[in-house]
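In: Starting from these lines, generate the structure:
(chains A and B)
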Amino acid sequence: MAAGLIGERGSARLRGWLLSAGLLLAFILAWHVATLPEAGTGAVDPEYAKLLGAAAAQGQKSAFPTPAEVGAALWKHVADPFYVRGTNDMGIGIQLAFSIGRVLTGYLLAALVAIPLGFLIGMSPLLHRALDPFIQVLKPISPLAWMPLALYTIKDSAVSAIFVIFICSIWPMLMNTAFGVAAVRKEWLNVARTLEVGPLRRAFTVILPAAAPTIMTGMRISIGIAWLVIVAAEMLVGGTGIGYFVWNEWNNLSIPSIVTAILLIGLVGMALDLALARLARLVTYPE
Amino acid sequence: MTERPLISVEGLAKRYPAASGKGETTIFEDLWFSVKRGEFVCLIGHSGCGKTTILNVLAGLERASGGTAIADGREIAGPSLDRAVIFQGHALMPWMSVAGNVAFAVRSRHPDWSRARVQEHARHYVRLVGLAGSEDKRPAQLSGGMKQRVGIARALSVEPKMLLMDEPFSALDALTRGMLQDEVLRLCREAQQTTFMITHDIDEAMLLADRIVLMTNGPGARVAEIVVNTLPRDRSRHEMHRHPHYYRIRNHLLDFLVDRSRDFAREAAEGGWDPRHPPEVRPGEAEPALAVNNAAPERARSSHHTDVA
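Out: Residues are numbered from 1 along each chain as shown, chains lettered A, B, ... in the order given. Got it, this is the predicted structure:
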């Protein structure tokens, strides 16, 4: 019976995988067909061809790369991810490392501010009421709107990017920590009160573990937003990072490289989310 | 009456601003009763008469609007380790193990103890409530009855002067409830634990309590009278219903809860009821002339004359 259940679950998972693989295959096939060279449209105005470069000059070919071309670009980038051939030509691994470094720096700084501050807001209704208007106004501001202000005051593009990550990842963590702390079950607090538990011990042994799952949810939302924002931020500040890489490849009109970068951005985002989910599972308690 | 009671409730009242915004709603007022050292007192009343509020005031978790509650000669101004609470919904911390939950309490009582000593003390109390072997489980892995046992172990582990219980077994099934009542009876007798418990279960009160405080319906609830449990002290759940006093007490309590708790105000107005000294009734004793099925008010009046407290 139990074995049968496990077998059933196993086969359900296998069927899920098979369907995923099938969908991927269908997508690649459709993509392949859609980008097949078209015969007979050979006559292209040579001046137009000059403007648009080699791809258009060939005329018979769609500007969008075929799956094979993207595969080749992907292989080229992944096979040698860490080369450095000058400031504008670095391996995609190095670019990703720059981005991850910025995201983690800004994110951890935000956590250092958001979690203690959220704790205070969650514990004090007065503080909550006092800070709420500021939070409500600041929260919906697109993090990129801060960029000029950051560049002007900080005068350092790398630090400005980190600041933008900081400002965008602080809100979910702040809101969730405050909510989680305020929503700690009254009976647990009453237990602590009847046991004459001091405020510091109460904060660390009752409130923090009780609110930890909610706080972790906020941290997970934040890392997702930070990874979304870093691409745009790096397109603006330039220099290094996966966002800059995408922009640079756009300037080179190297669409296969852009598609490669898009794919890798997705994979790294998924990895970050999975890591936080793993951490969240550590602090989650069954009721 | 020579010994000073451990808990003395004197003119306690609780009022809330009325929902309409004007005036106040009185949940209860002018409550007077006491709990002696080593005594087990149950408080019975319908929902809405403020039972839990009374317990919370005694625990120091809530403030009354009037009157005082005195514990061990001092007015209750806040929670204290001397008054341990067993909560209705066990209130265990789900992220701690069974032993961890108890150790949390032990560490509060003895902050200077070593980790090993705290653990040993905690595990002793886990075994005491019959949970040996479950020390390292999480509360989520336990049944409702086992969770409440942990709650009892946690409360007892701080060796409180006074145990406060807020309908601790109301969420359990009948079988588990009976077993836990036996357990509580045993533990409280062994330790001569002073206990104050809120319940709406008549049989529970008759099994556990030495005295039963009867509250009228809210709003404006009062302590109507105090019923002395005239069953022998070594009563058990299986035997007590054979005792001749059993149905006298039971009917008296039922009469009160079904009828008298509703319009006690009229009854009180009729004859010399004094809120400061609610009459103490001893069903089965000193009222030989009364049949079991007699009308309740009559018995209440007769009990006035036989008030030996």
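In: which parts of chain B sit against chain A?
Out: Chain B has residues B:59-61, B:78-81, B:83-85, B:87, B:89, B:91, B:93-95, B:104-105, B:108-109, B:138, B:140, B:154, B:158 near chain A, with proximity defined as C-beta under 8 Å from any C-beta of the partner chain. Placement of C-beta: from N, CA and C, glycine included.
In: Give me the buried subset of those residues.
Out: Neighbour counting with 16 or more other C-beta atoms under 10 Å in any protein chain shown marks B:59-61, B:79-81, B:83-85, B:87, B:89, B:91, B:93-95, B:104-105, B:108-109, B:138, B:154, B:158 as buried within the residues of chain B next to chain A.
In: Now A:Phe64: closest residue in space, sequence neighbours ignored.
Out: A:Thr35 (5.4 Å; C-beta to C-beta, 6 or more residues apart in numbering or on different chains).
In: Can you read off the pLDDT for the one you found?
Out: A:Thr35 carries a pLDDT value of 87.
In: Restricted to strands, list the residues of chain B next to chain A.
Out: Those of the residues of chain B next to chain A mapping onto strands are B:Arg83, B:Ala84, B:Val85, per DSSP state E.
In: Could you count how many residues lie near the residue nearest to A:Phe64?
Out: 18 (other C-beta atoms under 10 Å in any protein chain shown).
In: Please apply the same query to A:Arg129.
Out: 10.
In: what about it, which helix or strand?
Out: helix A:125-138 (DSSP states H and E).
In: Which residues are in contact with residue 89?
Out: Reading this off chain A. By C-beta atoms under 8 Å, 6 or more residues apart in numbering or on different chains, the contact list for A:Asp89 reads A:Tyr83.
In: actually chain B
Out: A:Glu187, B:Ala171.
In: what about stretch A:170-190, distance to the chain center?
Out: Remark: stretch A:170-190 is offset 25 Å from the chain centroid, using C-alpha atoms, centre = their mean, to the nearest Å.
In: which parts of it are buried?
Out: Using 16+ other C-beta under 10 Å as the test for burial, stretch A:170-190 gives A:170-182, A:184, A:187-190.
In: Please export the alpha-carbon coordinates of that stretch; PDB is fine.
Out: Extracted in PDB, the C-alpha atoms of stretch A:170-190 (Å, rounded to 0.1, in the frame of the first residue of the first chain):
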ATOM      1  CA  ILE A 170      14.300  46.500   2.200                       C
ATOM      2  CA  TRP A 171      10.500  46.800   1.900                       C
ATOM      3  CA  PRO A 172       9.300  43.200   1.700                       C
ATOM      4  CA  MET A 173      11.700  42.200   4.600                       C
ATOM      5  CA  LEU A 174      10.600  45.200   6.600                       C
ATOM      6  CA  MET A 175       6.900  44.600   6.100                       C
ATOM      7  CA  ASN A 176       7.000  40.900   6.700                       C
ATOM      8  CA  THR A 177       9.200  41.200   9.800                       C
ATOM      9  CA  ALA A 178       6.800  43.800  11.300                       C
ATOM     10  CA  PHE A 179       3.800  41.700  10.400                       C
ATOM     11  CA  GLY A 180       5.300  38.400  11.600                       C
ATOM     12  CA  VAL A 181       6.400  40.000  14.900                       C
ATOM     13  CA  ALA A 182       3.000  41.700  15.400                       C
ATOM     14  CA  ALA A 183       1.200  38.500  14.700                       C
ATOM     15  CA  VAL A 184       3.000  36.300  17.200                       C
ATOM     16  CA  ARG A 185       0.300  34.300  18.900                       C
ATOM     17  CA  LYS A 186      -0.900  36.000  22.100                       C
ATOM     18  CA  GLU A 187      -0.800  32.800  24.100                       C
ATOM     19  CA  TRP A 188       2.900  32.300  23.500                       C
ATOM     20  CA  LEU A 189       3.500  35.800  24.700                       C
ATOM     21  CA  ASN A 190       1.300  35.100  27.700                       C
END
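In: Look at A:Asp45 and report its pLDDT.
Out: Listed pLDDT for A:Asp45 reads 68.
In: How about B:Ala295?
Out: pLDDT, read off for B:Ala295, is 42.
In: Output the contacting helices and strands for the strand or helix carrying B:Glu267.
Out: For B:Glu267, the element it lies in under DSSP H and E is helix B:264-270. On a contact count with 3 or more C-beta pairs under 8 Å, 6 or more residues apart in numbering or on different chains; DSSP states H and E, helix B:264-270 meets helix B:296-305.
In: circling back: what about the buried residues of stretch A:170-190, which are in helices?
Out: A:170-182, A:187-190 (DSSP state H).
In: for the stretch 201-309 of chain B, what spans make up the strands?
Out: B:211-215, B:223-228, B:280-281 (DSSP state E, counting those that start in this stretch).
In: is it fair to say B:Glu135 lies in a helix?
Out: No: assigned with DSSP: H, G, I helix; E, B strand; the rest coil, B:Glu135 falls outside any helix and is coil.
In: what's the spacing between it and B:Gln141?
Out: 12 Å (C-beta to C-beta, to the nearest Å).
In: Those two: which is more packed in?
Out: Taking neighbours as other C-beta under 10 Å, B:Glu135 and B:Gln141 compare with B:Glu135 leading, 18 against 13.
In: Now do the same for that one: its pLDDT.
Out: For B:Glu135, the model assigns a pLDDT of 94.
In: who in the stretch 51-200 of chain A is up against chain B?
Out: Checking the stretch 51-200 of chain A against chain B by C-beta under 8 Å from any C-beta, the hits are A:Arg185, A:Glu187, A:Trp188, A:Asn190, A:Val191, A:Arg193, A:Thr194, A:Leu195, A:Glu196, A:Val197.
In: For chain A, see how far away B:Pro278 is.
Out: 28 Å (C-beta to the nearest C-beta, to the nearest Å).
In: buried set for the helix or strand following the helix holding A:Arg129?
Out: Sequence order places helix A:147-154 as the next helix or strand after helix A:125-138, per DSSP H and E. Neighbour-count burial for helix A:147-154 flags A:Met147, A:Ala150, A:Leu151 (criterion: 16+ other C-beta under 10 Å).
In: Just give the number of residues close to B:His46.
Out: Using other C-beta under 10 Å, B:His46 has 15 other residues around it.
In: The most centrally placed residue in chain B: which element?
Out: By C-alpha atoms, centre = their mean, chain B has its centre lying nearest to B:Met197, at 1.3 Å. According to DSSP H and E, B:Met197 maps onto strand B:194-199.
In: and chain A, what are its domains?
Out: As given by automatic domain parsing, the domain ranges for chain A are A:2-64, A:92-283.
In: Pick out the shakiest of those domains, pLDDT-wise.
Out: Across those, domain A:2-64 gives the lowest mean pLDDT, at a mean of 75.
In: Do a quick rundown of the helices in the chain.
Out: Reading this off chain A. A:2-34, A:46-52, A:54-58, A:67-79, A:92-123, A:125-138, A:147-154, A:157-182, A:186-194, A:199-202, A:208-237, A:242-251, A:255-283.
In: should've been chain B
Out: Residue ranges of the helices in chain B, as given by DSSP H, are B:51-59, B:98-109, B:115-128, B:144-157, B:174-191, B:202-208, B:244-255, B:264-270, B:296-305.
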